[in-house]
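Chemist: Fold the following for me, if possible:
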Amino acid sequence: MASAACLSLRTALRTTTHAARAPLRRAAAATSLAPRAAPRRLFSGSHSDFDTVRTAVPDSAEGVQALIKEQVEANPVMLYMKGTPAQPQCGFSQQVCRILHATGVEFSSVNVLEDDTMREGVKKYSEWPTIPQLYVGGEFVGGCDIVTEAFQSGELDESFKAAGVKDA
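Modeler: So this is what the prediction gives:
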């Protein structure tokens, strides 16, 4: 009998107008149709060193260019991409991440989808219209097609060795 009552309440909730639902919701709360509480997020127990680090993006175009220059010079291998290495948001970015993982070099990355000024700023900085963009030793290497070709020909490994990020 309880299942018949639940079924009739579900049917009534689906077929009534918003104003007429209030009494039905009170009745549903008294039965098993009560809305469930949202699941609690559990503490992962991970160390804070593994948290994502976000740098504040400057408001001015000059400030963005200075930030990009700082990032490119401070990181031997720097990738501007759509998404993150763990979760790329574009096939081209995923391809470059796969190549970098295959080479075994450590690299830093910036998700350009988080800030439009950064996305446009990196295009202006390199004078290259597409994302992803890879920098090795402060030098612009290129986008997905160029990185893929350089990887296949061995030029990418040579760039890593010249920048001191991979043993000779």
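Chemist: in this structure, which ranges drop under the pLDDT threshold?
Modeler: Residue ranges of the chain with pLDDT under 70: 1-56, 58, 168.
Chemist: What ranges does it have for its strands?
Modeler: 77-81, 108-111, 133-136, 139-142 (DSSP state E).
Chemist: so of those, which one's packed in deepest?
Modeler: Ranked by mean neighbour count, those are led by strand 133-136 with a mean of 26 (mean count of other Cβ atoms under 10 Å). Heads up, the C-betas are built off the backbone N, CA and C, glycines and all.
Chemist: For that one, C-alpha coordinates in CSV please.
Modeler: In CSV, the C-alpha atoms belonging to strand 133-136 read as follows (Å, rounded to 0.1, in the frame of the first residue of the first chain):
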residue,chain,number,x,y,z
GLN,A,133,51.7,26.9,-27.2
LEU,A,134,54.9,25.3,-25.9
TYR,A,135,58.0,27.2,-24.7
VAL,A,136,61.3,25.4,-24.0
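Chemist: Begin at 37 from now on, thanks
Modeler: Yep, numbering from 37; the last one is strand 169-172 now.
Chemist: and that strand, which strands flank it?
Modeler: Sheet pairing for strand 169-172, assigned by DSSP bridges, gives strand 113-117 (antiparallel), strand 175-178 (antiparallel).
Chemist: Now distance to P168 too, for those strands, in CSV please.
Modeler: Below are the strands paired with strand 169-172 laid out as CSV (distance: least, Cβ to Cβ, whole Å):
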stretch, distance to P168
strand 113-117, 4
strand 175-178, 9
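Chemist: Nearest to Q169, out of those strands?
Modeler: Between Q169 and these, the tightest spacing by Cβ to Cβ is seen for strand 113-117, at 4.5 Å.
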